[in-house]
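Participant: Below are the sequence and a predicted model; questions follow.
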Amino acid sequence: MIKKAALGLSISLLTSQAAASDWLHCGNLFDSQAGELRGEHYIEVDGGLIKRVTRDQPDGAEIIDLSDKTCLPGLIDLHVHLDGQSGPQSYMNRFTEGPADLALTAQNYGMKTLMAGFTTVRNPGDSYNVTIALRDAINAGTVQGPRIYSAGKSLATTGGHADPTNGVKHDLMGRPGPTEGVINSPADAKEAVRQHYKEGADFIKITATGGVLSMASSGENPQFTQDELETLIDIANDYNFHVAAHAHGKEGMLRAVKAGVKTVEHGTYMDDEVIAAMKENGTYLVPTILAGKFVAEKAKIDGYFPEVVRPKAAEIGPLIQQTFAKAYKAGVNIAFGTDSGVSAHGDNALEFEYMVEAGMPAAEAIQTATTVAAEILKNDKLGEIAAGKYADIIAVDGDPLADVKVLQDVDFVMKNGEVVKR
């Protein structure tokens, strides 16, 4: 019997909880461990988990018919910012929007991300811890959205890429400290990590160099000393946090890698020395090619970015895909991340196209958003369609290994055994 999931309702209202034991019939199935398509399969879903994957058709079972589609594990984006989206107005929003505004914004963008087939995301930086609150609300079933791993507020130095008072007139800005995510010593680093633990963060994000969109002149200068980084990562390890490092410039990136960060986000000016250090330390590159292309294009538009931002976007943005290609060819570990929130939420799958364009086979690109990303998150229930894993399953028309662009049009999304898009 074919299960009909409320056809005709708008996607945003569509939800269908799987029965005690439901089945999906997939015309083709992507094996994320092997990076291969395995042909026709049936998947049994029970209580939010995958119970069985088989080639045998079940007798008398209720079946969701995906026999004309390719099924894949729910995708994982390791770099999104759900509480906003860049644009000419976004620099003024911080003066007019409070926690309630950003929480509603985050839930809206979370749904766009989920509908695009990304059932799990890592959010490396927000304001007011709104993605921690959203994570908890989703986990409690209060609202829908992707599974979220949140860093809360990114950690910066005074004037650094994640200093929230950059560009604010002096009598408004105050002096943020470790509680607000701004640190200037090893002692501050300890306090900030412990504060994040107290607030419920899942990992730590640092801005190891300058950035493109912040109201500061340099997009690449190092912004932490070596002893600050080493102390921060030692304390993070005590709390079982991995550390993600935003980094464009070489020196700040090299310091972060040597100190032991798990991932480098962007990695624009990575050279052979940095590549060697990343390979030696097992560091992952989260390339965010999509964000680079987005800011490079918008830098051509008068008034889209403030004048202090525009030259950084024009210079750094076009380089990220080239850096990715170099790092991949050299054997650096690669994990999937888009920096969506710079670009539009819901367009995450464009990153696959750009990865393949730069030389990575489609199967490997998909693995960076499934098995590889699951390893970074230390969650062995993610990233694979197999017994005992979360019932996070998506379906698309066509063969994503032949044309990875089909992932930009996801027809079916199940998260935790619940059909959220049909």
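Facilitator: Perfect, thanks for sending it.
Participant: Any idea how many residues pack against residue 250?
Facilitator: 18 (other Cβ atoms under 10 Å). From N, CA and C alone the C-beta is placed, and that goes for glycine too.
Participant: And residue 368, by the same measure?
Facilitator: For residue 368, using other Cβ under 10 Å, the count is 27.
Participant: so it sits right up against residue 335, yeah?
Facilitator: Yes: the criterion here is Cβ atoms under 8 Å, and residue 368 meets it with residue 335 at 5.3 Å.
Participant: how many other residues sit next to residue 337?
Facilitator: Count around residue 337 with other Cβ under 10 Å applied: 32.
Participant: what about it, distance to residue 349?
Facilitator: 13 Å (Cβ to Cβ, to the nearest Å).
Participant: next one: residue 400
Facilitator: Taken as Cβ to Cβ, the span from residue 400 to residue 349 is 10 Å.
Participant: What pLDDT does the model give the closest residue to residue 220 other than its chain neighbours?
Facilitator: Excluding the flanking residues, the one nearest residue 220 by Cβ to Cβ, 6 or more residues apart in numbering is residue 249, at 3.0 Å. If you check residue 249, the pLDDT there is 92.
Participant: Count the neighbours of residue 249 for me.
Facilitator: For residue 249, the count of nearby residues is 22 (other Cβ under 10 Å).
Participant: let's have the chain start at 821 instead
Facilitator: All right, first residue 821 from here; so that's residue 1069.
Participant: Would you mind giving the secondary structure of residue 859?
Facilitator: coil (DSSP: H, G, I helix; E, B strand; the rest coil).
Participant: my guess is it meets residue 849, correct?
Facilitator: Yes: under the criterion of Cβ under 8 Å, residue 859 makes contact with residue 849 at 6.9 Å.
Participant: what lines up beside the strand or helix carrying residue 862 in the sheet?
Facilitator: Following DSSP states H and E, one finds residue 862 within strand 861-866. Here strand 861-866 is paired, per DSSP bridges, with strand 842-851 (antiparallel), strand 869-874 (antiparallel).
Participant: Any chance you could list what contacts it?
Facilitator: 838, 840-846, 849, 870-878, 881, 883, 891, 1205, 1211, 1213, 1234, 1237 (Cβ atoms under 8 Å, 6 or more residues apart in numbering).
Participant: Of these, just the buried ones, PyMOL syntax please.
Facilitator: In PyMOL syntax, the buried subset of the contacts of strand 861-866 is picked out as below (16 or more other Cβ atoms under 10 Å):
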select buried, resi 838+842+843+844+845+846+849+870+871+872+873+883+891+1205+1211+1213+1234+1237
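Participant: quick revisit: who touches both of residue 1220 and residue 1169?
Facilitator: Joint contacts of residue 1220 and residue 1169 (Cβ under 8 Å, 6+ apart) are residue 1227.
Participant: okay, these two: which has more neighbours?
Facilitator: residue 1169 (25 against 22).
Participant: still on that earlier bit, can you add distance to residue 1013 and give the strands paired with strand 861-866 back as TSV?
Facilitator: Compiled in TSV, the strands paired with strand 861-866 are given as follows (distance: least, Cβ to Cβ, whole Å):
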stretch	distance to residue 1013
strand 842-851	38
strand 869-874	33
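Participant: Include mean pLDDT and distance to residue 923 when you put these into JSON lines, please.
Facilitator: Listed next are these as JSON lines, based on pLDDT from 0 to 100; distance: least, Cβ to Cβ, whole Å:
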{"stretch": "strand 842-851", "mean pLDDT": "97", "distance to residue 923": "32"}
{"stretch": "strand 869-874", "mean pLDDT": "97", "distance to residue 923": "29"}
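Participant: wait, which of those strands is closest to residue 1084?
Facilitator: strand 842-851 (27.4 Å; Cβ to Cβ).
Participant: I'd guessed residue 1123 sits against residue 908; true?
Facilitator: Yes: counting by Cβ under 8 Å, residue 1123 sits close enough to residue 908 to count as a contact (6.0 Å).
Participant: ok, these two, which is more surrounded?
Facilitator: residue 908 (12 against 8).
Participant: Leaving out the residues flanking it, which one is nearest to the more buried one?
Facilitator: Nearest one to residue 908, counting by Cβ to Cβ, 6+ apart, is residue 1124 at 5.4 Å.
Participant: and that neighbour, what are its phi and psi?
Facilitator: Here is the backbone geometry of residue 1124 (degrees, to the nearest 10): phi -70, psi -40.
Participant: Give me the neighbour count for it.
Facilitator: 16.
Participant: what's the answer for residue 1231, then?
Facilitator: Quick note: residue 1231 (other Cβ under 10 Å) scores 16 neighbours.
Participant: Hmm, it is touching residue 889, no?
Facilitator: Yes: contact criterion Cβ under 8 Å: residue 1231 and residue 889 qualify, at 6.3 Å.
Participant: what's the overlap in contacts for the two?
Facilitator: 1215, 1216, 1217.
Participant: Give me the buried subset of the residues you listed.
Facilitator: If we count by 16+ other Cβ under 10 Å, the shared contacts of residue 1231 and residue 889 have these buried: 1215, 1216.
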